[in-house]
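In: Below are the sequence and a predicted model for it; my questions follow.
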Amino acid sequence: MSQAGAPQSAFVLHSRPYKETSALVDLFTPEGRLRAVLRSARGKSGSQARPFLPLEIELRGKGELKTVARLEPNGIPNLLHGDVLFSGLYLNELLIRLLPAHDPHPALFEHYALTLQALATGRPLQPLLRTFEWRLLDELGYGFALDHDVQGQPLVAEVWYRLLPESGLEAVDHLQPGLFLGRDLRALADADWEQPTTLATAKRLMRQALAPHLGGRPLVSRELFMNLKEPPRA
C-alpha cells in the first residue's frame, strides 16, 4: 500500500456517493482542485467532509484519483445560512467549473478561506462575491484593467465602454445594450462600494466576464437561489 502524502489544508467543494459506502469529494487545496475517494463516508470522516469547514488532509495513491488517508477539522467552521449559504455554494461551483484540476493557486486558496470567514461573520454579500469573481478571473489569466481601456487610455467618466472578454474595455461612440459608464467603472476600480451604481455595475460586468468561460450551462447554485426566491404559485 502506498504511503500517505504530506498533510495539506483543504476545503470540500462538493461530494457525492461512490460505490456502496464511499464518496467522491471535490477538494480545493493550495496545490489546486482535485478529486479523491473518501472511504467509509457514512462514518466520522464523512460527517467532517462538508463544505466550508477548514480541513487538514492526507492523500494516498499514485494515480490521478487518490484516496483520502486522513481528514480532520483544521479551524473554526464557517456556518453559512440562507442567502449566505447559497453564496458559498456559488463560490464552490465557480471553482469546480472554472479552476483546472491540479493547477496550484495558493493565493486564491487563501482568498477563498478569507471570503468564507467574511461571509460567516455577516459582511455585505455583494462586494465579497464580486471581489472573489474578479480574483478568480485574474488568477486564471482572464483579468483585465478597470482603470484604462484596451488602447491604454484612462477611462473617461462620461464615456460608455463595452467589455471585450479577451482583451478588456473598449470605448464606444453609440449606445447599445450591455454598456458601462466610465464613472462607474472607475468607482469599481477604486472598490468604492458606497457609490449606489457600483454594485450593479460590478454584477453586470462580472456576469459578462464569466459567461464565455462557463459555456452554455447555467449555474446550479444560481438557479436554486432564484427558485427559492420565487413566490409560491396559487
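Out: Here it is on my side, so go on.
In: In a strand, Val68, correct?
Out: Yes: the assignment for Val68, made by DSSP: H, G, I helix; E, B strand; the rest coil, places it in a strand.
In: so what's Pro127 up against?
Out: 191, 193, 199, 202 (C-beta atoms under 8 Å, 6 or more residues apart in numbering). In this view, the C-beta of every residue, glycine as well, is placed from N, C-alpha and C.
In: can you pick the most crowded of these?
Out: Tallying neighbours with other C-beta atoms under 10 Å puts Ala202 at the head of those, with 25 neighbours.
In: What does that one show for phi and psi?
Out: Ala202 adopts backbone torsions of phi -60, psi -40, taken as degrees, to the nearest 10.
In: just Thr197 next, same as before
Out: phi -90, psi -10.
In: how far away is it from Phe180?
Out: Thr197 sits 10 Å away from Phe180, going by C-beta to C-beta, to the nearest Å.
In: These two: which has the busier surroundings?
Out: Phe180 (23 against 13).
In: The more buried one contacts Lys203, doesn't it?
Out: No: look at Phe180 against Lys203 with C-beta atoms under 8 Å: they stay out of range, at 11.3 Å.
In: and the helix or strand harbouring Leu85, C-alpha only, in PDB?
Out: Take DSSP states H and E as the rule and Leu85 turns out to sit in helix 82-98. What follows is helix 82-98, C-alpha atoms only, in PDB (Å, rounded to 0.1, in the frame of the first residue of the first chain):
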ATOM      1  CA  GLY A  82     -29.900  31.500   4.000                       C
ATOM      2  CA  ASP A  83     -28.600  33.700   1.200                       C
ATOM      3  CA  VAL A  84     -25.100  33.400   2.600                       C
ATOM      4  CA  LEU A  85     -25.200  29.600   2.200                       C
ATOM      5  CA  PHE A  86     -26.200  30.000  -1.500                       C
ATOM      6  CA  SER A  87     -23.400  32.500  -1.900                       C
ATOM      7  CA  GLY A  88     -20.900  29.900  -0.600                       C
ATOM      8  CA  LEU A  89     -22.300  27.200  -2.900                       C
ATOM      9  CA  TYR A  90     -21.900  29.700  -5.800                       C
ATOM     10  CA  LEU A  91     -18.200  30.200  -5.000                       C
ATOM     11  CA  ASN A  92     -17.700  26.400  -4.800                       C
ATOM     12  CA  GLU A  93     -19.500  25.900  -8.200                       C
ATOM     13  CA  LEU A  94     -17.300  28.600  -9.800                       C
ATOM     14  CA  LEU A  95     -14.200  26.800  -8.600                       C
ATOM     15  CA  ILE A  96     -15.400  23.400  -9.800                       C
ATOM     16  CA  ARG A  97     -16.400  24.800 -13.200                       C
ATOM     17  CA  LEU A  98     -13.500  27.100 -13.900                       C
END
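In: Off-centre distance for that helix?
Out: 6 Å (C-alpha atoms, centre = their mean, to the nearest Å).
In: That'll do, ta.
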